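**Q** what's the 3D shape of this:
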Amino acid sequence: MQNTVQHVRILEAQGFYDMKISLKAHDVPLTLAAYRLMSEKVDYPLHLGITEAGTAHTGVIKSAVGIGALLAEGIGDTIRISLTGDPVVEVRVANEILKSLGLKEYGPTLVACPTCGRTSIDLPAIAAEVEKKLAGITEPIEVAVMGCVVNGPGEARGADVGIAGGKGEGLVFRKGEIIRKVPESELVNELFKEIDQILEERKNK
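**A** Modelled structure (predicted):
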């Protein structure tokens, strides 16, 4: 950290100010401390990242915690997700971090409740299927997959569209308002009919 500041001052002394600073480390607390200190000492753009974070299984968590915490504090100008594996995943994770903080509007946001005693559908499987099908959409839209018809539509009333499961059937709703009841086997198909309709309505506005 101190060496980095010294290097910055050397460059400034030579009249060079066109720089961006990166202090990435694989240790999350160390990275947080370094960027916080640097943001107090200089006014140059900061490039955030948790380097060598590991595989997607653990690296996503480390990246989200480290980069997300700094961005939430207003620290950072560019980011890089570093995961062992397909770099396409790195881009997806970066988009999700930015979306979760309201810093970028891109693609769908999936809202899904945890399972509880009121859940009577295969919620994990349905949520996974919806998430997979949403991957092909680039337009911003909030989609809810809720486990029960008792609280589901109300709890997810902020979502553009959603489904809520019952016993062998479920509800399709928009902005918390119930549209229709359908068999459980048709929930995902009916949900995507509504998604397609919403996206088409937006195009025609």
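**Q** what's the helix or strand harbouring I61 packed up against?
**A** Take DSSP states H and E as the rule and I61 turns out to sit in helix 56-72. Under the contact definition 3 or more Cβ pairs under 8 Å, 6 or more residues apart in numbering; DSSP states H and E, helix 56-72 sits against helix 28-41, strand 46-50, strand 78-81, helix 87-100. Every C-beta, even on glycine, is put in place using the N, C-alpha and C of the backbone.
**Q** among the ones you listed, which is the most enclosed?
**A** Using mean count of other Cβ atoms under 10 Å, the stretch among those with the largest mean neighbour count is strand 46-50, at a mean of 22.
**Q** which strands or helices does that one pack on?
**A** The contact analysis (3+ Cβ pairs under 8 Å, 6+ apart) places strand 46-50 against strand 21-22, helix 28-41, helix 56-72, strand 78-81.
**Q** nearest to R180, out of these?
**A** helix 56-72 (36.5 Å; Cβ to Cβ).
**Q** and the contacts of the closest one?
**A** Residues outside helix 56-72 that contact it (Cβ atoms under 8 Å, 6 or more residues apart in numbering) are 26, 28, 31-32, 35-36, 48-50, 53-54, 76, 79, 81-85, 89, 93, 96-98, 100-101, 103.
**Q** give me the buried positions along that helix.
**A** Judged by neighbour count using 16 or more other Cβ atoms under 10 Å, the buried positions of helix 56-72 are 56, 59-60, 62-71.
**Q** distance to A13 and pLDDT added to those residues, as a markdown table?
**A** Shown next, in a markdown table, are the buried residues of helix 56-72 (distance: Cβ to Cβ, whole Å; pLDDT from 0 to 100):
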| residue | distance to A13 | pLDDT |
| --- | --- | --- |
| A56 | 43 | 90 |
| G59 | 38 | 94 |
| V60 | 41 | 96 |
| K62 | 36 | 96 |
| S63 | 35 | 96 |
| A64 | 38 | 97 |
| V65 | 37 | 97 |
| G66 | 32 | 97 |
| I67 | 31 | 98 |
| G68 | 35 | 98 |
| A69 | 33 | 98 |
| L70 | 28 | 98 |
| L71 | 31 | 98 |
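**Q** so which of those residues comes closest to H7?
**A** Nearest to H7 out of the buried residues of helix 56-72 is L70 (Cβ to Cβ; 20.9 Å).
**Q** how close does I67 get to I61?
**A** Relative to I61, I67 is positioned 11 Å away (Cβ to Cβ, to the nearest Å).
**Q** can you check A128 too?
**A** 19 Å.
**Q** where does this structure have low pLDDT?
**A** Scanning the chain for pLDDT under 70 picks out the ranges 1-2.
**Q** center of this structure - which residue?
**A** E96 (2.3 Å; Cα atoms, centre = their mean).
**Q** between the helices and strands packed on strand 46-50, which gets nearest to I178?
**A** Closest to I178 of those is helix 56-72 (Cβ to Cβ; 34.0 Å).
**Q** the closest one to helix 28-41, inter-axis angle?
**A** 20 degrees (axes from the mean of the first three to the mean of the last three Cα atoms, to 10 degrees).
**Q** E200 - how many residues pack around it?
**A** E200 has 9 neighbours, counted by other Cβ atoms under 10 Å.
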